[in-house]
Each structure stands twice: as structure tokens, then as C-alpha cells.
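Engineer: Next comes the sequence, and after it the predicted model I'd like to discuss.
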There are 2 protein chains.
Amino acid sequence: MARPRSFDEDKALDAAIACFWSRGLEATSVRDLAERMGIQGPSLYNAFGDKRALFARALERYATRTMRERIARFERLNDPKVAICTFIQDAIERSVCDPHRRGCLLVNSALEVAPHDKQLRTRIAAYLDEIAAFFRRNIAAAQAAGMTPETLDQADTARLLLGVLLGIRVLARANPDRALLEGVAGPALALLDGPAGTRTSKNRRGKRT
Amino acid sequence: MARPRSFDEDKALDAAIACFWSRGLEATSVRDLAERMGIQGPSLYNAFGDKRALFARALERYATRTMRERIARFERLNDPKVAICTFIQDAIERSVCDPHRRGCLLVNSALEVAPHDKQLRTRIAAYLDEIAAFFRRNIAAAQAAGMTPETLDQADTARLLLGVLLGIRVLARANPDRALLEGVAGPALALLDGPAGTRTSKNRRGKRT
DNA sequence: GCTATTCTTTAGCGAACGATAAAAATTATC
DNA sequence: GATAATTTTTATCGTTCGCTAAAGAATAGC
């Protein structure tokens, strides 16, 4: 009953993600977006509303395709401590091998966008909370499996790991040095093993390289 | 031998700091800056060069008047562990009582500016390194005083604390909740006391509120 | 094939951007 | 008071910004 859309909305969203990821929300122009998405400006407005709404859509897609995908993938390993360590180590690996220093779109948005936009802030806080919940869930599982000391507070340790993750992402924007980033992560991940001298075959992680 | 400047350069820089702190580098216009600095656009260009050069000057002044001032003030307490804890706790306090969520200009700049500007990135990395050096210096002093376990790696623990600080600052932009931010800091600061059960009158910190 | 509906394209709106040329104003030196 | 040097002011420059009106193109229902 009407002219069909001539472009793939998901592919267009992926192009928008790439734009926002590289330059952020404010510094990305609608013209840049339209060009990378392979459409004209008015088509963008027709399909997505305005730049901010497109950003919200892009961020939601990023959360699903990147953050949630990783959480699900690492949890399928069925080793909660490995899931946590792999998640952090994966962020370090990506930071070190990221010549344009794009970092994480979610972290970038938490800093650039959250303070100035109440609606997006709520969504961003919810995404961050999903990461904290992932950490907490796996800390609890590690404790239940006797791999991590019961003395660790689940909520606070999860918060620590979230803070460490964000810190790594920020630090990497200025200085993506592996020794530095692994230095940040090391003592936090070591907490999961408990104090030296209490380690058994159950709670010792493999050597981190 | 020439017309003298009619404005105070430091007061103008303070106004520029306020602008960049609230909205970042890109989102702050030269017109905003000139107005808040109480001068006309061309006077700004005459005195500081361009927007980027003004930003560099503002950031350097911020580093001295805010970051270095706090480091010096907390180190004058002559208790290395208290200096570290107070630094982190101070950042939390400021984050919680910050209705505009301005955060820390240095952290904001590390994320917004560092990836896109090599010169500023070098400076920002150096500022962050000053913070890491503060942490390391005081960890070493705490160990020398028998207040902190020798088993802690000085460099990595300092890096962890830097990461935690940055993480707190980012997290606060989206969700400046005291329980959340203190949850991030708590397990990291507890590391300085060593494992529960090994604590003596020398290594026990006061209760954190 | 006509109509109704939606999308795409062309063209451009007014506003804000970073930056500057040129003139007026203010000082020190002589 | 004249001169030279610097700052301040006024008035823009050309560009880019987010966004949109209007016209043309493509589809489904009849």
C-alpha cells in the first residue's frame, strides 16, 4: 500500500554505531551518519526521527550485539570465574588492539551523554547494571562452587569489577598500554582467588599472561 | 609601550575551566567561553591562540589547582593509607554532591579528547600518571610503616586504584549513588589492610562511612 | 489504470560554528 | 603631543550544523 524502504535498517544502524563509536554523539554530524548509512538525510529522519533517537536505537543495538552477546558467550563456558576474567581480559585485549582508541560505546556514552540527557542516562545506567549483574551472578556461582572465598561481598565485589572495567576503558583512551591495563585488572581479579596461602586446586585461576 | 590587558588571565582561565568542565571541549563554543570569561571573541584569540590552546591552558591550570592541590593536601596528613583513602573518598563525596554531574575535568578529557589529539593525549596521560605516582608513593610508604602487606605489588596496586578512581568518575556520570560508588572503592581500599585475620593496630583503617 | 500511501530525492532553511580583518582605544616612550 | 605597540571592539567571513518543505518515485488496493 506504499513504497517500501530501500535500505536495510539493521545495516544502517550498524553504520550509525560505527559513527557514534568513533566520534561520539555531539561530534558526529547527521551528514556523516547519512553518508555512512548509505541514505539521504531526510530518509534518516523519516526512518529514525532525529539524531538523538537514532543514537538511542544504535546504543540499544550495541548493547544487544556487543555487551549481551559477550556476557552470554562467556557464561556459556560454565566456569563463573573464567567468565569474569575473560570478560575483563577481553576488554583489555580490544583496548590494546584498537588503533583508533574507540573504546566501548557504552562507556563513552556514560561519560559524554549521560549527564546531559535524562532518558538516555536511565538507559545507560541500566546497561551498566546488566554488567554489574553479570559480575555478581558469577561471583555468587564461584562462591557456591567453592572457587571464591565466601568472605567477599557479592554486591561490592561486582561493583568493584564494574569500576575496574570502566577505568580500564577510560585509561585506554589515553594510554592503551597492556602492562598498565593488566596492572589495573590483576589485583582485582586476584581477589576472586582469595589471599595467597589459602589457594587450593579449586580456587586457583590459571596464570594470566 | 602598549595597551595593557584589561582582564585577569587567571580569572578568565577559571571561567574557561568552568565551561569545559560542564560541557567538554567540542560542545563548548567560543562564544560561550568569551561570555563567561567576560571578554570578546577576538580578545580570547589574541590572548590564547585558539580554542584548543585555551583548553590546554585550562587543563594545565586545573591539574595544578585541583589535582595537585589535593595530592599535596592529603599527603600533608603524613599517613599514607589515609592519604589514599581520603583521595578516593573525596572523589566519591564530590560525585555524590554534584547535581550537574560535571565529574572530573581530567577524566572527562581523557575520554573525550585524548583519542583525537596526540599532543593533548600525551599531557593527559602524564596527568593520570601523576595520580598513579601518588598512589604508588603512598602504598610504598604504608608498606614501609608496616600498615600494608608487603605482598601487594606497588605498581599494580597503584594502577588498580587509578582504575578504580576513573571508574568511579565514569559511573557517577550515569548513576552518582553513594552505595554504588563506595561499593566500588571498598574492596580496593580493603586490599591495603590485607586479608581479614591479619589485621593489627598498625594496618587497620578506621571504619569507612 | 487510478488512487492513496509511503519513501526518496532535491534543494535549502535559519542558526550556530571557529576564526579574522579592520578600525577604534589605550598605554609607554620620546 | 606625536609615534609605536598592543588590546579591544565592531562587523563580519565562509562553513557546517540539525532539520525540513516540496516534489518525484515506487508500491498495494481497487
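Structural biologist: Yep, that arrived. Numbering: from 1, shown residues only, chains lettered A, B, ... in the order given.
Engineer: for chain A, which spans come out with low pLDDT?
Structural biologist: Using pLDDT under 70 as the threshold, the predicted model of chain A has low-confidence ranges A:197-209.
Engineer: After the longest helix seen in chain A, which helix or strand is next?
Structural biologist: Taking residue count as the measure and DSSP state H as the definition, the longest helix of chain A comes out as helix A:118-144. Once the chain leaves helix A:118-144, the next helix or strand it forms, by DSSP states H and E, is helix A:154-174.
Engineer: now that following helix: how far from the chain's centre is it?
Structural biologist: A distance of 11 Å separates the centroid of the chain from that of helix A:154-174, by Cα atoms, centre = their mean, to the nearest Å.
Engineer: And for stretch A:180-190?
Structural biologist: Taking Cα atoms, centre = their mean, one finds the center of stretch A:180-190 at 17 Å from the center of the full chain.
Engineer: Would you mind pulling the contact partners of that stretch?
Structural biologist: Outside of stretch A:180-190, the residues that reach it under the criterion Cβ atoms under 8 Å, 6 or more residues apart in numbering or on different chains are A:84-85, A:88-89, A:92, A:95-96, A:160-161, A:164, A:167-168, A:171-172, A:205, A:208, B:152-153, B:155-157, B:159-160, B:162-163, B:187-188, B:191. Using the backbone N, CA and C atoms, a C-beta is placed for each residue, glycine as well.
Engineer: Please spell out the PyMOL selection for the buried subset of those.
Structural biologist: Those of the contacts of stretch A:180-190 that count as buried under 16 or more other Cβ atoms under 10 Å in any protein chain shown are selected in PyMOL with:
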select buried, (chain A and resi 84+85+88+89+92+95+160+161+164+167+168+171+172+205) or (chain B and resi 152+153+155+156+157+159+160+162+163+187+188+191)
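Engineer: And the helices in chain A?
Structural biologist: Taking DSSP H as the criterion, chain A carries its helices at A:9-23, A:30-37, A:41-48, A:51-62, A:69-75, A:80-96, A:105-112, A:118-144, A:154-174, A:178-191.
Engineer: Mind listing what's buried along stretch A:127-140?
Structural biologist: A:127-128, A:131-132, A:134-140.
Engineer: Would you mind putting the CA coordinates of that stretch into PDB?
Structural biologist: C-alpha atoms of stretch A:127-140 as PDB (Å, rounded to 0.1, in the frame of the first residue of the first chain):
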ATOM      1  CA  TYR A 127      23.100  -1.200  30.600                       C
ATOM      2  CA  LEU A 128      25.800  -0.700  33.200                       C
ATOM      3  CA  ASP A 129      23.700  -2.500  35.700                       C
ATOM      4  CA  GLU A 130      23.500  -5.500  33.400                       C
ATOM      5  CA  ILE A 131      27.200  -5.700  33.500                       C
ATOM      6  CA  ALA A 132      27.300  -5.500  37.300                       C
ATOM      7  CA  ALA A 133      24.600  -8.200  37.500                       C
ATOM      8  CA  PHE A 134      26.800 -10.400  35.300                       C
ATOM      9  CA  PHE A 135      29.700 -10.000  37.600                       C
ATOM     10  CA  ARG A 136      27.500 -10.500  40.700                       C
ATOM     11  CA  ARG A 137      25.900 -13.600  39.300                       C
ATOM     12  CA  ASN A 138      29.200 -15.200  38.500                       C
ATOM     13  CA  ILE A 139      30.800 -14.200  41.800                       C
ATOM     14  CA  ALA A 140      27.900 -16.000  43.600                       C
END
